[in-house]
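> What would the 3D arrangement of this be:
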Amino acid sequence: MGRQSEAEKAELLLAAARYLNETLEPGRVYDRWHELLTDAVPHAGVVVSSFDSETEQISCDYAWVDGEKLDPSIFPPLALNREGGGMQSRVIVSGEPLLVNDVPEQVKQPGGVYYDVDREGRMRKVPEEGAPGVRAAMLLPVKHEGDVVGVVQLHNADAEYDDEQLELAEGLVGLMAAAARNARLHEAAQAEAAARARAETIAAERENAARVLEAVGDGVFLLDDEGLVGFWNRAAELVTGRFGEDVRGRPVTEVFESWERVAEEIPVSESSTAARPVTLPVDVDGRELWLSFVAVHSPGGVVYAFRDLTVERGLEQAKSEFIATISHELRTPMTAVLGAAKTLLRTDIELSPERRRELLEMIGAQGTRLTQITEEILIASRLDRGELRLDREHVKVGDVVRAAVDTMREHLPGSISLKVRAESNGATAIGDRNRIEQVLVNLIDNAIKYSPRGGDVIVSTAQSARGVRVEVRDEGLGIPLAEQEAIFEKFYRHDAHQTHVTGGTGLGLYICRELVRRMGGEIGVQSQPGVGSTFYFELPRAA
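Below is the predicted model of the structure:
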C-alpha cells in the first residue's frame with residue numbers, strides 16, 4: 001500500500017482496535033489481526049512468539065507462511081541468548097524493534113539459531129541447510145507493563161521494509177497484544193469460573209454423599225493407609241456406641257478389638273459391585289457383635305460398610321434352640337403315650353385294674369401336655385401374625401382368679417400350698433375372660449414348677465392406680481436381676497442344669513406378656529434369687 005497520512009494511520013488503528021476487540025477468543029484475535037496486517041504491511045510470513053521470563057524460553061503461538069496457517073507446535077522452542085545472538089533474543093533483551101533488510105547476511109553471524117519454514121511446514125536450519133527464503137524482516141517486541149512478553153516477526157521475500165512500515169506494524173502489534181491479553185484474561189476468567197463451578201459441584205456432591213452416608217442404616221467408616229479412621233457415620237455410632245468425634249483420627253483398633261484378625265477375614269474389592277460380604281464376631285467395649293462387612297478400595301484408603309446382624313443371629317440361634325426344645329418337649333409325652341398304649345395292647349401279660357388305670361391316667365396327662373404344647377405354638381404364631389382376636393368385656397377378676405386356682409389344684413403337688421387372697425369388692429377389669437384365665441394358669445403353673453422345695457403360692461388381687469392388679473407370689477428359686485426382662489422374650493428358657501427344673505417351650509411368658517399388652521395392660525416381675533418371685537399384671541378398670 002502507498003504512503004499514508006497521520007490521519008489515515010490513526011483512522012486505521014482506531015478501526016483495527018474496534019475490530020480486534022469484538023472477539024474474546026485468542027485464536028480469533030490472531031486471525032483478525034492478520035487480516036488487518038495483510039492490507040497494511042506486505043509480508044510473506046508472520047510468526048507470533050511468547051516469552052516466558054521464568055524459563056527464558058521463546059515459543060511460537062501463531063504462524064502463517066505463503067498463504068497457509070501453520071501449526072505452532074512444529075516450531076521448536078528457543079532458549080533466550082542474552083549475549084545478543086539471534087534476532088528474537090536481541091529484541092527481547094533490548095526491548096526495541098529490529099528492522100533487517102539483509103536477512104541472508106544476518107543469519108551468517110555466529111551466536112544465533114535460525115530456521116526457515118515453507119507453507120507445507122517443512123523446516124530447515126539456515127544457513128547450514130541453505131539460504132533463507134526471505135530478504136527482509138521486522139521483529140517487534142510485545143510488551144506488558146514495560147516487560148517484553150513476546151516477539152512478532154514479519155518476513156518479506158521480495159522487498160525491503162522501511163521505518164514507516166515499522167511504525168505502522170508497531171501500532172498494530174500493540175493493539176493485537178492488548179486484544180490478545182484481554183481475550184486470555186477472559187478465557188482465564190471463564191476457566192476459573194468453570195473450575196469454581198466444578199469445585200462447587202464436587203463439594204455439593206460430597207456434601208450430599210456425606211448426608212446420604214449419615215442417613216443410611218449401615219455403618220460406614222474410612223480407614224487410611226495408617227489404619228486411622230477418616231470417616232465415621234451416624235449408623236456406625238449407633239451400632240458401636242462410639243461417637244464420631246471420639247473416633248475420627250484415631251486407630252481403628254481402639255474401636256474394634258483384635259481388628260488385625262478381623263481385617264484378615266474381610267476381602268477388599270476394587271469396586272462396590274464386586275464386594276463380597278462376610279459376617280464376623282467383633283468385640284466392642286466388652287460386647288460381642290456379629291457384623292456383616294464389605295470393603296472397597298478408595299483413593300483415601302479402604303471404605304468399610306457393616307450391618308449389625310447380632311439380633312438376627314440371636315434369633316436364628318433361638319429358632320434352632322426352639323426347634324430342638326420343641327422336638328424334645330414333644331418326644332417325651334409322645335414316648336410316654338406310645339409306651340403306655342403298647343403296654344395296654346399287649347396280650348402276653350396280665351395287667352391289674354390299678355395298673356391299667358395308671359397307664360390310662362398317664363396317657364391322659366401326657367395327651368394334655370401335648371395339647372398344651374400345641375396350643376402354645378399355635379397361639380404364639382397367631383399373635384405374631386396379629387390374627388388372635390381378644391374380647392373386650394367387663395370381667396370380675398376375683399371370679400377368674402378362683403376359677404384358675406380351682407383348675408390348678410387338680411395338678412397340685414403335696415409340697416405346694418395354693419392360696420387365694422382375692423378382694424370381694426367386685427373389682428372389674430376390661431379384657432377377655434378366657435385369656436385372663438389363661439395368663440393366670442400359666443403364671444401359677446410357673447410358680448409351682450420353679451418351687452421345687454415346695455412352699456406357698458399365693459394369688460391375690462387389688463385395686464391399683466390404673467386398674468386391677470393380680471399377683472402370683474411364690475417361695476421358689478427366684479430370678480436373677482439380669483434375666484428379669486429377658487424371661488418375657490420369645491423362646492427364652494431357664495437353664496435346666498442350673499435350676500434343676502424341667503424346661504418348657506420358652507413361649508409361656510411371652511404369650512402372657514402379649515395377651516396382657518393387647519388387653520391394654522402391663523406385666524412384670526419382682527424377684528430375688530433364693531427367696532422367690534412375684535409375677536404381676538394390671539388390666540384397665542371398667543368404668
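
> For stretch 121-133, measure first residue to last.
13 Å (Cα to Cα, to the nearest Å).

> what's downstream of whichever strand or helix holds Val282, the next helix or strand?
According to DSSP states H and E, Val282 maps onto strand 278-284. Proceeding N to C from strand 278-284, the next assigned helix or strand is strand 287-298, under DSSP H and E.

> Alpha carbons only: can I get that following strand in CSV?
Provided in CSV are the C-alpha atoms of strand 287-298 (Å, rounded to 0.1, in the frame of the first residue of the first chain):
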residue,chain,number,x,y,z
ARG,A,287,-19.8,-56.7,73.9
GLU,A,288,-19.8,-59.3,71.1
LEU,A,289,-21.4,-58.0,67.9
TRP,A,290,-22.0,-60.0,64.8
LEU,A,291,-21.3,-57.6,61.9
SER,A,292,-21.6,-58.2,58.2
PHE,A,293,-18.7,-56.3,56.5
VAL,A,294,-18.0,-55.3,52.9
ALA,A,295,-14.8,-53.4,52.0
VAL,A,296,-13.9,-51.4,48.8
HIS,A,297,-10.6,-49.6,47.9
SER,A,298,-10.9,-45.8,47.5
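
> Report the mean per-residue pLDDT for it.
Across strand 287-298, pLDDT averages out at 89.

> That one pairs with which strands, parallel or anti?
strand 268-269 (parallel), strand 278-284 (antiparallel), strand 301-308 (antiparallel) (DSSP bridges).

> contacting residues around the strand holding Val282?
The contact list for strand 278-284 (Cβ atoms under 8 Å, 6 or more residues apart in numbering) reads 240-242, 255-258, 262, 265-267, 288-294, 309, 313. Where C-beta positions appear, they are placed from N, C-alpha and C, glycine not excepted.

> returning to that earlier point: between the strands paired with strand 287-298, which one is nearest to Gly150?
strand 301-308 (47.0 Å; Cβ to Cβ).

> where in the stretch 201-350 of the chain is pLDDT low?
Where the stretch 201-350 of the chain drops to pLDDT under 70, the residues are 202-217, 272-274, 314-315, 318, 321-322, 325, 328-329.

> Which strand or helix spans Glu312?
Glu312 belongs to helix 310-345, assigned by DSSP H and E.

> quick revisit: so which of the strands paired with strand 287-298 comes closest to Ala178?
Nearest of these (Cβ to Cβ): strand 301-308, 50.6 Å.

> roughly how far is the closest one from the heart of the chain?
8 Å (Cα atoms, centre = their mean, to the nearest Å).

> and if you look at stretch 122-135?
66 Å.

> try stretch 177-185
47 Å.

> That one: which residues count as buried?
177-180, 182-183 (16 or more other Cβ atoms under 10 Å).

> Stretch 437-453 too?
So, applying 16+ other Cβ under 10 Å, buried residues of stretch 437-453: 437-451.

> for it, what is the average pLDDT?
Averaged across stretch 437-453, the pLDDT comes to 91.

> For it, what is the distance to the chain centroid?
With Cα atoms, centre = their mean, you get 50 Å for stretch 437-453.

> if we can go back for a sec, narrow the contacts of strand 278-284 to those that are buried.
Counted by 16+ other Cβ under 10 Å, the contacts of strand 278-284 give 240, 242, 255-256, 262, 266, 289-294, 309 as buried.

> hmm, back to that, distance from the helix holding Glu312 to the middle of the chain?
44 Å.

> What is it packed up against?
strand 287-298, helix 353-385 (3 or more Cβ pairs under 8 Å, 6 or more residues apart in numbering; DSSP states H and E).

> residues touching Val151, list them.
48-49, 51, 58, 88, 91-92, 139-142.

> nope, Asp474 is what I meant
447-448, 450-451, 455-458, 532-534.

> Surely Asp399 is in a strand?
No. Assigned with DSSP: H, G, I helix; E, B strand; the rest coil, Asp399 falls outside any strand and is helix.

> What count of nearby residues applies to it?
14 (other Cβ atoms under 10 Å).

> so how far is Arg313 from the residue nearest to Thr279 when sequence neighbours are not counted?
Closest residue in space to Thr279, ignoring its immediate chain neighbours: Ser292 at 4.5 Å, by Cβ to Cβ, 6 or more residues apart in numbering. Counting by Cβ to Cβ, to the nearest Å, the gap from Ser292 to Arg313 is 10 Å.

> Could you measure from Leu360 over to Thr343?
On the measure of Cβ to Cβ, Leu360 and Thr343 end up 11 Å apart.

> Tell me how far Pro132 lies from Asp118.
11 Å.

> again but with His144, I slipped
Taking Cβ to Cβ, one finds His144 at 32 Å from Asp118.

> Between the two, point out the one with more neighbours.
Asp118 (14 against 11).

> residues contacting that one?
65-66, 133.

> Show me where the stretch 1-150 of the chain has its strands.
With strands called from DSSP state E, counting those that start in this stretch, the stretch 1-150 of the chain shows them at 45-52, 57-65, 68-70, 78-79, 98-100, 114-117, 123-126, 136-144, 147-156.

> Mind putting the ones you listed into TSV with distance to Ala543 and mean pLDDT?
Below are the strands of the stretch 1-150 of the chain laid out as TSV (distance: least, Cβ to Cβ, whole Å; pLDDT from 0 to 100):
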stretch	distance to Ala543	mean pLDDT
strand 45-52	96	92
strand 57-65	96	92
strand 68-70	100	91
strand 78-79	105	90
strand 98-100	113	91
strand 114-117	108	84
strand 123-126	108	84
strand 136-144	95	91
strand 147-156	97	92
